[in-house]
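[1] Pasted the sequence and its predicted model underneath.
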Amino acid sequence: MRGLSGLVLGLVMGVAARAAAAPGDSPKMKPFIDQLMAKMTLQEKVGQLVQYSADMAVTGATIRADYQNEIEKGQVGSIFNAYTPAFTRQLQRLAVEKTRLKIPLLFAYDVIHGHKTIFPIPLGESASWDLSLMEKSARIAAAEASADGLHWTFAPMVDIARDPRWGRVSEGAGEDPWLGSKIAAARVRGFQGDRPGRTDSVLACVKHYAAYGAARGGRDYNIVSMGERELREDYLPPFRAAVEAGVATLMPSFNEINGIPATADPMLLQKILREEWKFQGFAVSDYTAVEELIPAGFAADGAEAARLAFRAGTDMDMQSGLYQKNLPNLVRQGKVPMAEVDRSVRRILEAKYRLGLFQDPYRFSNEDRAKGVILSPPHQEHAREISRRSIVLLKNANSVLPLKKQGTIAVIGPLADDGLNILGNWSAAGRGTKTVTLLEGLRQVGGENVRIVHARGVDLLDDEVLHQTLNEHGAGLTKDPRGAEEMRREALRVARGADVVVMALGEAESMSGEAASRTVIRLPAHQQALLRDVKATGKPVVVLLFNGRPLVLGMENEVADALVETWFLGTQAGNAIADVLFGDYNPSGKLTISFPYNEGQIPVSYLDKSTGRPMNPKVKYTTKYLDAPNEPLFPFGYGLSYTSFEISEPRLDSERLKAGQRFKVRVDVTNTGSRDGEEVVQLYIRDLVATVTRPMKQLRGFRKVFLKAGEKKELVFDLSVEDLKFYDQKMRWVAEPGTFQVMVGNSSRDVKATEFRF
Ligand code: BGC
C-alpha cells in the first residue's frame with residue numbers, strides 16, 4: 001500500500017517525487033522541496049498556509065461548510081478536527097487525487113491529555129511530579145492519535161498560571177516556570193518521539209505564546225500588561241524549553257501583551273522565537289486569531305490583519321481564511337515579500353516531508369494499528385498508574401483514610417456515577433462510555449466485603465442558566481426528576497446507614513478550560529449545603545474534589561474529615577481513586593498550583609517577594625491583608641501521604657559555590673510512619689541580595705523517592721551556577737556573587753534552610 005501510493009505520487013510529481021526519501025531528516029529534503037516549490041503558483045503556496053476545521057469536533061466559533069471544496073482546489077495545507085483512518089483518508093484523497101500538485105494535508109487535533117485513552121487533565125497530571133510518566137502519557141496519546149490518522153497535536157499547553165479564575169489553568173502545569181519547563185520538554189519528547197517520521201508520533205505545538213495565563217482579572221482572552229523581566233523570567237521559560245526539546249510548531253496566544261496582539265507581535269515571533277531561540281518549525285495562529293485583530297482594534301480590515309499577522313511571523317492561519325483571501329494580492333501589491341511567503345511555505349512542506357507524507361500520504365491512517373493500540377490494555381494500565389499518582393491528599397484527620405475493605409460505604413454526590421465529566425475538558429476523542437466511574441472503581445477495588453450504597457444527593461448544578469449554557473456546548477448534564485428535597489432525604493438516609501461517607505463533589509468539566517473563567521471559585525452552594533447536612537449525621541466524611549482549577553476550600557477543609565483532590569482523571573479515574581481510597585496506592589501527588597485562601601488573594605503563587613515591608617502579622621505597616629493571610633490555603637508543592645516523612649537539614653559539601661563547578665546538597669529522608677510511601681522532596685533557593693530583587697523561594701530541584709516504612713535514604717541534589725541566574729538590570733542572564741539560601745522540604749511552605757556563598 002505504501003509503495004503503491006508512493007509510486008502513484010511519484011508518477012504525478014515526476015523528478016521531485018523520485019527524490020523523495022524516507023521519512024525524517026534527509027539531505028534529499030531540500031532539493032525535493034525546491035523542485036516542488038518551483039512548480040507552485042502563488043495561490044498554491046498560500047494554500048499551504050491555510051488551515052480549516054473539519055466538522056468532527058467543534059473547538060471554536062465558526063466552521064466552514066465548504067472546507068472540502070477548498071481542499072480540492074488546493075487551497076488548504078492543513079485540516080484540524082478530523083480523525084479516524086477512514087475520514088482522514090477520505091480528505092487526504094481529495095488533496096492528493098484532486099489537486100494539481102498532490103501535496104498531502106496535515107491533520108491536526110487538540111490531543112491534550114490523551115486521544116481516546118484519556119489521562120488526567122494536564123494540571124492534575126503535573127501533580128504527579130513524575131516527568132517520565134508524563135512523557136509516557138504524551139507518547140501513548142501520540143500512538144493513539146497517529147493511528148487514528150492524525151499528524152499533529154495542539155499541545156503541550158505550557159502557560160504559567162497563577163490566577164485560578166482563569167479556566168485554562170487546567171490545561172497547563174501550574175504556576176512554576178522551572179517545573180513547567182521540565183514538564184514542557186517531557187511532553188514534547190513524548191508526543192514527537194525520538195526522531196521525526198515515526199508513525200507512532202505526532203508533531204507537537206507549544207502554546208499559547210505568550211503570557212496567556214496572565215489575562216487581566218482571570219478573564220479569558222483578556223489583555224496582558226507585563227514588563228519584559230516578568231515575561232522572560234516567569235512566562236517564557238517553558239516555551240524556550242519546548243523549543244530546545246525540538247518542538248515542531250508553536251501557537252501564538254489570543255491575548256495582547258502591552259497593546260500588541262501576540263499573533264502579530266514581531267518581538268515575540270521573530271526577535272525572541274527565531275533570533276534568540278533559533279526556532280526552526282512553523283507558527284500556526286490560534287482559532288480565527290488573525291481575524292480577531294480587527295475587533296481588537298489592531299487592524300482595520302482583513303487584508304491588514306493578514307499582513308500584520310503574517311509579517312510578524314505567524315506562518316499558518318487557523319480558520320479565519322484571511323491569508324487565503326488576501327495574501328496573494330498583498331504579495332502582488334508589494335506589501336508582503338514573496339520571499340517571506342516562500343519561507344513559511346517551506347517550513348510547512350518540511351514538516352510534511354519529515355512525517356513521510358510525500359512518500360505515503362496515508363501512512364498514519366491505519367485501521368489495523370488503530371484497532372491494536374487505541375484503548376489497549378497497556379494504555380489503560382498507564383492511565384490508572386498516572387491517575388493515582390496525580391491525586392493529592394489535602395487533609396486526612398484521624399487517619400480516616402485509607403478505607404477498610406469492609407463495612408458500608410455511602411457514596412454521595414453528583415459526580416459519583418458520572419463518566420463524562422471526569423474526563424475533563426479537552427478530552428479529544430475520549431468517550432464517557434469508556435470511563436471507569438467512581439462507583440465502578442470502588443466496587444471493583446473494594447471487593448466483596450464492602451457494601452457500597454449510592455445517592456446522587458444533588459444535581460451537579462442548580463444554576464439554571466449555567467446548566468443550559470453548558471449543555472448547549474455538549475456538557476450532557478442531567479437533572480434528577482425527583483427534585484432537590486427528595487434527593488437530599490435519600491442522601492441523608494444513605495449516609496446514616498453507612499460506616500463512612502465518600503462525597504463526590506465538584507465542577508462540571510466545562511466549568512474549567514477555555515472560555516470558563518469564574519470570579520467565585522468555590523463548590524456550588526447547593527453542593528456545599530449537602531456536605532454540611534451529611535456531616536451533621538455524625539459520620540466520618542471523605543470529600544473527593546473533581547475540578548479543573550484550584551478552588552477556595554476553607555469550608556470543606558473545616559467540615560470534611562478527609563479532603564482528596566482528584567481533578568478530572570480521565571478514563572481510569574474510578575479505579576485510580578479507589579486505589580488511593582482503599583490504600584492500594586499511598587498518595588504522593590503534590591500541588592503545582594496554589595489553592596488560595598480566598599479569591600481576594602489572586603493572583604497567588606509561592607514565588608512571592610519580601611518587599612521593603614515584609615509581612616509581620618503583629619506589625620501594622622507591613623505587606624499583608626487585614627482579613628486573610630498572605631499564604632494560600634494549600635501551597636505549591638503541598639500534598640499528604642498515609643505515612644509521614646522527616647526531612648533533615650540540608651548539608652552542603654562546601655560553603656562556597658564556584659563558577660563552572662557543581663555543588664552538592666544532601667538531605668536524609670526518613671519514612672517515619674507505618675506504611676511504605678513516596679515523597680517528593682523539593683529544593684528551593686533564594687538570592688538574599690541582588691541588583692534586582694529576587695523571590696523568597698524558587699524551585700531548583702526535586703526528587704520523588706520511595707521509602708519503605710522506617711526506611712531512610714540520603715538524597716543528593718546538584719546545584720550549579722546556572723541555577724542562580726536571573727535577568728539583571730541590563731537584562732543580561734547572570735548569577736551575582738553573594739549569599740544564597742538553599743531550602744529543602746516537602747512543600748514550598750515546609751522547608752529547612754542553610755546558606756552558601758557564590
Ligand atoms: C484554543 C486552542 C486550540 C484551538 C484549536 C482555540 O480556541 O485556544 O488552544 O488549540 O482552539 O482547537
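    Cool, the structure landed.

[2] remind me which residues of this protein are low pLDDT?
    In the predicted model of the chain, residues 1-22 satisfy pLDDT under 70.

[3] Enumerate the residues of it near the ligand.
    59-60, 110, 154, 207, 286-287, 514 (C-beta under 6 Å from any ligand atom). Heads up, the C-betas are built off the backbone N, CA and C, glycines and all.

[4] residue contacts, residue 523?
    505-507, 531, 545, 551, 556 (C-beta atoms under 8 Å, 6 or more residues apart in numbering).

[5] In TSV: those, plus neighbour count and secondary structure.
    Putting those into TSV (neighbours: other C-beta atoms under 10 Å; DSSP: H, G, I helix; E, B strand; the rest coil) gives the following:
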residue	neighbour count	secondary structure
505	26	strand
506	29	strand
507	29	coil
531	23	helix
545	24	strand
551	23	coil
556	24	helix
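
[6] quick one on the thing from earlier: between the residues of the chain next to the ligand, which has the most around it?
    The most neighbours of any of those, using other C-beta atoms under 10 Å, belong to residue 207, which has 27 neighbours.

[7] Leaving out the residues flanking it, which one is nearest to that one?
    Among residues not flanking residue 207 along the chain, residue 251 sits closest, at 3.7 Å (C-beta to C-beta, 6 or more residues apart in numbering).

[8] Look at the one you found and say how many residues are nearby.
    By other C-beta under 10 Å, neighbour count at residue 251 equals 25.

[9] Right, and the ligand sits closest to which residue of the stretch 101-250 of the chain?
    At 3.4 Å from the ligand, residue 154 is the closest residue in the stretch 101-250 of the chain, using C-beta to the nearest ligand atom.

[10] cool, the stretch 501-650 of the chain as well?
    residue 514 (5.5 Å).

[11] Now do the contacts for that residue.
    167-168, 220, 425-426.

[12] Kindly recompute the last result at 10 Å.
    59-60, 110, 167-168, 170-171, 220-221, 254, 287, 425-426 (C-beta atoms under 10 Å, 6 or more residues apart in numbering).

[13] ok so, going back, sitting in strands, which of the residues of the chain next to the ligand do you find?
    residue 207 (DSSP state E).

[14] Tell me which two of the residues of the chain next to the ligand sit farthest apart.
    60 and 207 (13.9 Å; C-beta to C-beta).

[15] which residues do the two both contact?
    residue 286.

[16] Throw the residues of the chain next to the ligand into TSV and include distance to residue 103, thanks.
    Shown next, in TSV, are those (distance: C-beta to C-beta, whole Å):
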residue	distance to residue 103
59	25
60	25
110	24
154	21
207	25
286	24
287	23
514	31
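
[17] Quick check: of the residues of the chain next to the ligand, which lies closest to residue 729?
    The closest of the residues of the chain next to the ligand to residue 729 turns out to be residue 207 (C-beta to C-beta; 31.5 Å).

[18] quick one, what contacts the closest one?
    Counting by C-beta under 10 Å, 6+ apart, residue 207 has contacts 110, 154-159, 171-172, 239, 242, 247, 249-253, 283-284, 286.

[19] which element is residue 251 on?
    Residue 251 belongs to strand 249-252 when assigned by DSSP states H and E.

[20] chain center to that strand, what's the gap?
    Distance of strand 249-252 from the chain centroid (C-alpha atoms, centre = their mean, to the nearest Å) equals 15 Å.

[21] That one: what's the following helix or strand?
    Following strand 249-252 toward the C-terminus (DSSP H and E): strand 256-257.

[22] so after that following strand, what's the next helix or strand?
    Taking DSSP H and E, what comes next after strand 256-257 is strand 260-261.
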